[in-house]
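> whatever this is, show me its structure:
(2 chains)
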Amino acid sequence: MTNTYILNATWVLDGKPYDFCLGQDSDTACELDGICLPGIERIAPAGELEIPAGAPRVHDAAGKILMPALFDMHASIEIDGRSKRECVSRAGQAAIAGGVWGMLVMPTPGFCFDNAATLDSFHDAVTQRSAAEMLPAGCISEGMKGEQQAPYNTLAARGVSILSDGKNPPSNLLMLHRAMKYASEIGMTFALRGDVPALTANTCIHPGTTSYKLGLHGTPPCAEEIGIDTALRLAADAGAKVHVQTVSTAGGVDIIRRAKAAGQQVTAEVALHHLLFTHENVGIYDTTYKTLPPLRETSDCEALLEGLKDGTIDCIVSDHTPCTPFAKKQDFTSAPQGMIALDTFLQAIYTHLIKPGKLSWADVVRTCCINPVSIANPVDLEEDVPTAAPLLLFNPENGVEVGGDTLPSGTLNTPFLGTKLQGCITLPLQ
Amino acid sequence: MKPRKDLLTIGDLSDEDINTILDSATAMKDIFTKSVKKVPALKGKSVLTLFYEPSTRTRSSFEVAAHRLSADVTTFTVSTSSVVKGESVHDTIDTLMSMKMDYIIVRHKNSGIPAVIARHCKAAVINAGDGAHAHPSQAFLDAFTIREKYGTVAGKRVVIIGDILHSRVARSTSTILKRLGAEVAYMGPGPLVPPQAYTGIPRFSNWDDVFEWKPDVIYLLRVQNERIDSPFFPAKDYHQAFGVTDERLRRIDDLNLSIMHPGPVNRGVELCDAAMDYRNSLICNQVENGIAARMSILYHLTPQTQNND
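Below you'll find the model as predicted:
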């Protein structure tokens, strides 16, 4: 086995070209701008790295960007009609295709992470089938029913450090308050979406011109704001860490900003689609754009971007949710919520956020690589050491038209279907 | 009018489409006055009424319209079909299309279902009401009724009163009236009237403002208790606050305004008893014109099933 030389690659943070020597020893690592580069033995400014004569693995990476792979704090992988192993396998392939090396998998009815057996079989499936790392988010309540706390010590013993009841955060505030008091003492973080079910029942779209035109009931932004505020107040009282999931409203960003300013232990995420699309994209009942929470106004997109830049929002997440074509062919009220996003994650971020100048590469590294890893804290269970993000090469010059054959998820519920996204990813580097 | 397969919303139609259908409705209504009330326009064609929601008036109106055009009409009874066993809309439509239907008239509680069906089949699909989205045949009969009464719709002022939020009638009728040059306003209980920023339609909250606006037509909507999951307003106050009371009826009479209602009427809620016999009530005209409008709609749609003949 020989070393691999990657020459003239642009380092994502300073935009300068470097030569990298990728060794064979998995424990080797260098550091650049405070970021650990696992597997890299040596780094030198471009043209200055000594390469042994006749080295067989030398790649010219001029024009390509070298960066840590992304970590996604929010993915659901279950899909009707597929075995759990296939769900794991396809989500793993989708992640790698989108530049994502690891993800936090949300509990769903089929992956109900509230017991040791489910976690063990999931861990086995990931080890055997997945190209990407997958951390399970443990359930807050047994069966995600919001009634009885899940066995947190059992979950913690299997590496769970984040708790969530998936798409339906507990509405029983007494149960949640007690869960926070208990689980915060064993280092758990509560991942919660802002919601007030009484205000959002039977709704499926942001209230506005589109909801009126289509005759659909609107999900008021205040439901998210009240939900976030409630979760933060409970957590402050219980001394628990909270991670606010899929913030979609400007009001939600403001509440989190104030909580952070007051010193509360809170982190927050925004789904990529809430940065890129509005309720007007729903057009005439396009179920691709049915999400939870719903797509909001342009002013919300702008507030979320601002929140990302000023550090109020810590991460961009995929909120990856595969749905069968049949499910999305139903009417808007009946169709399931969600888009797939892992398959095209970094390409979409580059094409729609970096290229137009809305975010810098440094913003993306911070919100998609560094922050998610520090919140989810992926640990190698066998070795009990933190897992470092592998590196990837991103070629911004190449692009691909998104179609069924470019989507390893095997479903088509992406708004990018038929459009061209810039970026070609090499992950892992060899 | 260019060949058109479906009628899903008023917004899909051109001005020419709207005027053609309205003009033909006049001719269709003339047929009623003859001793033989039938023409052979749709002879040999199959019309299916597929109502996932209870309906007597709209369904009967469509059935009478289809019969008067000599079509064969089949009624699909949802409550005794496989739908109650969990069959999806797509599978139901596949089954029905195997029976070679030319026209499907559909009503469903979910907005957008007729569009799903229209994309899925070659039959002409007529939306007979989907959720709070659209009810285009009601819009045509309302516009036709106002045109018949006043000679034109343009320049008339129509205030639609009641539960706008849940009303497909409000959406479709306001759209067609505005397209024909009328002015439309909404009035009703706060939580049931969306903001003007969403609708583009002026919004009043009381009768004084309505009278001050000088409307020609008072269009009352039914309070749709079946669509209301939890209370939107204090029910006991509705008639006094938003209904046509005896006192308001006198004022309406003095001003010579017309009253319309899509039916069925909740007496003592939207309208006092006396309003039902009011000289300028157009409610019965609406029912009669509904058949003419629906005949015209059926006549002007072009199913793609002919290609397979």
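
> tally of neighbours for the residue lying closest to A:S360 once chain neighbours are set aside?
Leaving aside its chain neighbours, A:S360 sits nearest to A:I354 (7.1 Å; criterion: C-beta to C-beta, 6 or more residues apart in numbering or on different chains). All C-beta spots, glycine's among them, are computed from the backbone N, C-alpha and C. The number of residues packed near A:I354 is 19, by other C-beta atoms under 10 Å in any protein chain shown.

> which residues does the helix or strand where A:S374 lies contact?
A:S374 is located in helix A:371-376, with elements delineated by DSSP states H and E. Residues outside helix A:371-376 that contact it (C-beta atoms under 8 Å, 6 or more residues apart in numbering or on different chains) are A:70-73, A:102, A:104, A:135, A:161-162, A:189, A:243, A:267, A:314-315, A:317, A:389.

> need the helices for chain B, in chain order.
B:15-32, B:57-68, B:89-98, B:113-120, B:136-150, B:168-179, B:196-199, B:207-213, B:238-242, B:246-254, B:273-276, B:283-300 (DSSP state H).

> so where's chain B uncertain?
B:80-85, B:226-229, B:306-309 (pLDDT under 70).

> before we move on, which element is A:M175 in?
Taking DSSP H and E as the definition, one finds A:M175 inside helix A:173-183.

> what does that helix contact?
With C-beta under 8 Å, 6+ apart, helix A:173-183 has contacts from A:140-141, A:146-149, A:152, A:163, A:169-170, A:190, A:230-231, A:234-235, A:237-240.

> residues of the stretch 151-300 of chain B that sit close to chain A?
Within the stretch 151-300 of chain B, the positions near chain A by C-beta under 8 Å from any C-beta of the partner chain are B:168, B:171, B:194, B:197-199, B:229.

> for the stretch 1-150 of chain B, same thing?
Checking the stretch 1-150 of chain B against chain A by C-beta under 8 Å from any C-beta, the hits are B:11, B:88-90, B:108, B:110-113, B:115-116, B:130-134.

> make a PyMOL selection of the buried ones in the residues you listed.
Only the buried entries of the residues of the stretch 1-150 of chain B next to chain A go into this PyMOL selection, using 16 or more other C-beta atoms under 10 Å in any protein chain shown:
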select buried, chain B and resi 89+108+110+111+112+113+115+116+130+131+132+133+134
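
> taking the residues of the stretch 1-150 of chain B next to chain A, tell me the two that lie furthest apart.
Spatial extent of the residues of the stretch 1-150 of chain B next to chain A (C-beta to C-beta) is set by the pair B:G11 and B:S88 at 26.9 Å.

> give the burial count for the residue nearest to B:V116 when sequence neighbours are not counted, as a bare number.
Once flanking residues are discounted, B:V116 sits nearest to A:D331: 5.1 Å by C-beta to C-beta, 6+ apart. A:D331 has 22 neighbouring residues, counting by other C-beta under 10 Å.

> confirm for me that A:L295 is in contact with A:D286.
No. Using C-beta atoms under 8 Å, A:L295 is not in contact with A:D286, being 10.7 Å away.

> these two: who's more crowded?
A:L295 (24 against 13).

> how close does the more buried one sit to B:I252?
A:L295 sits 44 Å away from B:I252, going by C-beta to C-beta, to the nearest Å.

> only the buried residues of whichever helix in chain A runs longest, if you could.
Identified as the longest helix of chain A according to DSSP H is helix A:221-238. Neighbour-count burial for helix A:221-238 flags A:221, A:223-232, A:234-236, A:238 (criterion: 16+ other C-beta under 10 Å).

> tally of neighbours for the closest residue to chain B within the stretch 101-250 of chain A?
For the stretch 101-250 of chain A, the residue closest to chain B is A:G215, as judged by C-beta to the nearest C-beta, at 3.1 Å. Neighbours of A:G215 under the rule other C-beta under 10 Å: 25.

> my read: it touches B:A170, true?
No. Between A:G215 and B:A170 there is no contact under C-beta under 8 Å: 9.7 Å.

> show me what counts as buried in the helix holding A:S374.
For helix A:371-376, by 16+ other C-beta under 10 Å, it's A:371-373, A:375-376.

> now for A:Q149: which residues touch it?
A:140-142, A:175, A:178-179, A:182-183.

> whichever of those residues count as buried, I'd like them selected in ChimeraX; how would that read?
Buried residues within the contacts of A:Q149, by 16+ other C-beta under 10 Å, are selected in ChimeraX with:
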select /A:140,141,175,179,183
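
> which one of the contacts of A:Q149 sits closest to A:A29?
Of those, the one sitting nearest to A:A29 (C-beta to C-beta) turns out to be A:A183, at 32.8 Å.

> which is the next helix or strand following the one helix or strand A:A303 maps to?
Assigned by DSSP H and E, A:A303 belongs to helix A:298-309. Using DSSP H and E, the helix or strand that directly follows helix A:298-309 along the chain is strand A:315-317.

> just confirm A:Q430 is within a helix.
No. Looking at A:Q430 with DSSP: H, G, I helix; E, B strand; the rest coil, it is coil, so not inside a helix.

> please name the residues that touch it.
Going by C-beta under 8 Å, 6+ apart, the list of residues near A:Q430 reads A:4, A:22, A:57.

> what subset of these is also close to chain B?
By C-beta under 8 Å from any C-beta, no member of the contacts of A:Q430 lies near chain B.

> take the residues you listed and write them to TSV, including pLDDT and neighbour count.
Below are those laid out as TSV (pLDDT from 0 to 100; neighbours: other C-beta atoms under 10 Å in any protein chain shown):
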residue	pLDDT	neighbour count
A:T4	91	19
A:L22	91	21
A:R57	87	12
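
> including secondary structure, could those go into TSV?
What follows is the contacts of A:Q430, written out as TSV (three-state DSSP):
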residue	secondary structure
A:T4	strand
A:L22	strand
A:R57	coil
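
> format the residues you listed as JSON lines; extra columns: distance to B:P3.
Converted to JSON lines, those look like this (distance: C-beta to C-beta, whole Å):
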{"residue": "A:T4", "distance to B:P3": "64"}
{"residue": "A:L22", "distance to B:P3": "64"}
{"residue": "A:R57", "distance to B:P3": "64"}
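
> which phi and psi values does A:E269 adopt?
Torsion angles at A:E269 (phi, psi; degrees, to the nearest 10) stand at phi -130, psi 160.

> for it, what are its contacts?
A:E269 neighbours (C-beta under 8 Å, 6+ apart): A:73-74, A:243-247, A:313-317.
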